[in-house]
Structures are given as C-alpha cells and as structure tokens.
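Enquirer: Pasting a predicted model and its sequence here:
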Amino acid sequence: MSKLLYQLARDGDISWLSYYFAEFISTQAHSNIDQLPALSAALVSEANLNGNVCVELDLYNGRPLFYSSRSDELPIPLGLDTHEWRDSLLENDCVGKAGEHSPLIVDGSRLYLNRYWLVFRRCCRQENRIYAET
C-alpha cells in the first residue's frame, strides 16, 4: 500500500478514485504504487476530475506532482524532465503511444487516460473537417 497516495487520499488531497486507479495501474504494471506509473496515473486521474483531458508533463518538470495539506509531513515527488518521464512511462505495458490500446496514453508531452485521448482525437478530426469545408 502506498503511504504517499493513501495519505493524500485520506487527507482529501486526491480522490479515492485516483488512488484506486493508481493501485490498478501499479498492479497491471507489476510495480510498486509509489513508482512512476502509479503516480502518473493518479496525477492524470486528478487532472480529469478537475476538467482537464490530459496532463502537460512539462508543467511538472521539477515541481511537486500533488498538493498536500500536510506538505511538511509528506515527501511529495517532483516531476521529471519531460523526455525522461515519457520514456520511463513507455517502458510499461500500461502506457502506450497515441493510437495504442493501453490505459494511459503518452502523446508528445501530454499524458492522457485512453478514453480522453480518443475523445480528444475525434474532436480534432471533426474540427479539421469543419475548417476544411469552409
């Protein structure tokens, strides 16, 4: 069990949905829940719950991944260099590139839940068709 993510969820700093999604990803990735795939899964889940379709990885370069109401007590990990982060995520079966069938999708410097990446792509295609017709 993740001490960090569990404490963040317990304190209301992340949702339990994000915690359990991170736990699912860590199980599927055969990794510890405190490792990058699960932390990234919790981060993108929180972004989605806040109305964002993705996480811009470069915005977290060297910055805390999560806010904690008990920031003095919890060691909040910092975001990695975007290329290092992306490459590390893509080493896992739970993370794919654009168009692949994985729970998490990396497209450039953005991390998506697969469902939101598909919706985003459909919207882009529709927008391109509309502009092409005008």
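Expert: Happy to help now that I have it.
Enquirer: so residue 28 touches residue 94, yeah?
Expert: Yes - Residue 28 lies in contact with residue 94 (C-beta atoms under 8 Å); the separation is 4.9 Å. Every C-beta, even on glycine, is put in place using the N, C-alpha and C of the backbone.
Enquirer: and for the two, which residues touch both?
Expert: Counting by C-beta atoms under 8 Å, 6 or more residues apart in numbering, the residues touching both residue 28 and residue 94 are residue 103.
Enquirer: In terms of neighbours, single out the busier of the two.
Expert: Neighbour comparison, residue 28 and residue 94: the larger count goes to residue 94, with 20 against 16 (by other C-beta atoms under 10 Å).
Enquirer: Relative to residue 130, how far out is the residue most central in space within the chain?
Expert: When C-alpha atoms, centre = their mean is applied to the chain, the residue found nearest the centroid is residue 44 (2.9 Å). Relative to residue 130, residue 44 is positioned 28 Å away (C-beta to C-beta, to the nearest Å).
Enquirer: do residue 60 as well
Expert: Taking C-beta to C-beta, one finds residue 60 at 33 Å from residue 130.
Enquirer: Looking at the two, which one has more neighbours?
Expert: Between residue 60 and residue 130, counted using other C-beta under 10 Å, residue 60 has the larger neighbour count: 20 against 9.
Enquirer: For the more buried one, which non-adjacent residue is closest in space?
Expert: Leaving aside its sequence neighbours, residue 60 sits nearest to residue 79 (C-beta to C-beta, 6 or more residues apart in numbering; 2.8 Å).
Enquirer: what do you get for residue 110?
Expert: Spatial nearest neighbour of residue 110, excluding adjacent residues (C-beta to C-beta, 6+ apart): residue 54 at 4.3 Å.
Enquirer: Where does the residue nearest to the centre of the chain sit, in terms of helix or strand?
Expert: Residue 44 belongs to helix 36-49 when assigned by DSSP states H and E.
Enquirer: repeat for residue 96
Expert: Per DSSP H and E: strand 95-97 holds residue 96.
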